[in-house]
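In: Below is the sequence, then the predicted model.
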Amino acid sequence: MKIKMLCILIGYLCGCFLTADVVARRKTGKSIFEMGTKNPGTANVTNSLGVKCGAITLLGDAGKTVLACVLCRHILFPSLGKVAVLYAGVGAALGHGFPFWHKFRGGRSVAVTCSYIIFFLPLWGIAVNLAGLVIRIATKYPASGALAIPSLFILPVFLTAGAEAGFVMAVGTAVTFILHRDSLFRMAHGTEPKSNLIEEWKQKL
């Protein structure tokens, strides 16, 4: 149990590095929390600062997640096995969503979650990420795909990696739902804004 908690802690500390805030400060001298939706994620950076800055943010968030997973799986705790990736990934999602240095107010950990899912089971990870993208486009709700991705991943994890891994993935999914609680509330009440992702891409490219 101690090793598993250390994986979560290492993931959390890596997750607390908010790439979006670094990019925004380097580009404008302002915090990302002062721009757009005030969310330190790829979408807000892209909308506020452009595609290039958004891409850097995405790579940075994926990189910090992979770093946590590699440290725990291959360097520090190889005896824990592949499930170390999930413990570290969930920790990174918690760090991104609740960074200690910003009064535990962060982002929604979408890129982080997508990254550790692909790292854990690459083929299934890519499949559920694509499924989430299709759901996002079809529903026009930005949160729908983000919520679908970890939810769809739970069963493959249970079937291929066992009960413990499946349980950790279920916890990771719960973290995603908690971080999207405001969108869930608005969706339930029909007040969540919709957006056409394809049209948004066309305008930016």
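Out: That came in fine, so what should we check first?

In: Select the helix or strand of the protein having the lowest average pLDDT value.
Out: Lowest on mean pLDDT, DSSP states H and E among the helices and strands of the chain sits helix 197-204, with a mean of 72.

In: Any chance you could list what contacts that one?
Out: Residues outside helix 197-204 that contact it (C-beta atoms under 8 Å, 6 or more residues apart in numbering) are Thr46, Gly50, Val51, Arg136, Ile137, Lys140. Backbone N, C-alpha and C define where each C-beta goes, glycine included.

In: if you set the cut-off to 10 Å instead, what comes out?
Out: 43, 46-47, 50-51, 54, 133, 136-138, 140, 142, 145, 196 (C-beta atoms under 10 Å, 6 or more residues apart in numbering).

In: tell me which residues in it are buried?
Out: By neighbour count with 16 or more other C-beta atoms under 10 Å, helix 197-204 contains no buried residues.

In: One more: stretch 161-181?
Out: 161, 165-166, 168-173, 175-176, 179-180.

In: low-scoring stretches of this structure, by residue?
Out: For the chain, the stretches flagged by pLDDT under 70 are 202, 204-205.

In: now the helices for it?
Out: Assigned by DSSP state H, the chain shows helices spanning 2-15, 19-28, 42-49, 51-70, 83-97, 110-120, 122-139, 142-161, 163-179, 181-188, 197-204.

In: Settle this for me: Ala62 is touching Gly125, isn't it.
Out: No. When contacts are counted by C-beta atoms under 10 Å, Ala62 is not listed as touching Gly125 (12.0 Å).

In: any idea how far Val45 lies from Ile198?
Out: Look at Val45 and Ile198: by C-beta to C-beta, to the nearest Å, they are 20 Å apart.

In: hmm, back to that, what do Ala62 and Gly125 both touch?
Out: Both Ala62 and Gly125 are in contact with Cys114, Ser115, Tyr116, Ile118, Phe119, where contact means C-beta under 10 Å, 6+ apart.

In: Just give the nearest non-adjacent residue to Asp21, would you?
Out: Leaving aside its sequence neighbours, Asp21 sits nearest to Ile32 (C-beta to C-beta, 6 or more residues apart in numbering; 4.7 Å).

In: The one you found: what's it in contact with?
Out: Residues in contact with Ile32, defined by C-beta under 10 Å, 6+ apart, are 18-25, 38-41, 44-45, 48-49, 53, 57, 107.

In: ok, now with 6 Å
Out: Ala20, Asp21, Ala24, Pro40 (C-beta atoms under 6 Å, 6 or more residues apart in numbering).

In: which among those residues end up buried?
Out: Using 16+ other C-beta under 10 Å as the burial test, the contacts of Ile32 include Ala20, Asp21, Ala24, Pro40 as buried.

In: before we move on, the earlier item: now compare the contacts of Ile32 and name the two farthest from each other.
Out: With C-beta to C-beta as the measure, no two of those lie farther apart than Ala24 and Pro40, at 8.2 Å.

In: Could you measure from Val51 over to His180?
Out: Distance from Val51 to His180, by C-beta to C-beta: 24 Å.
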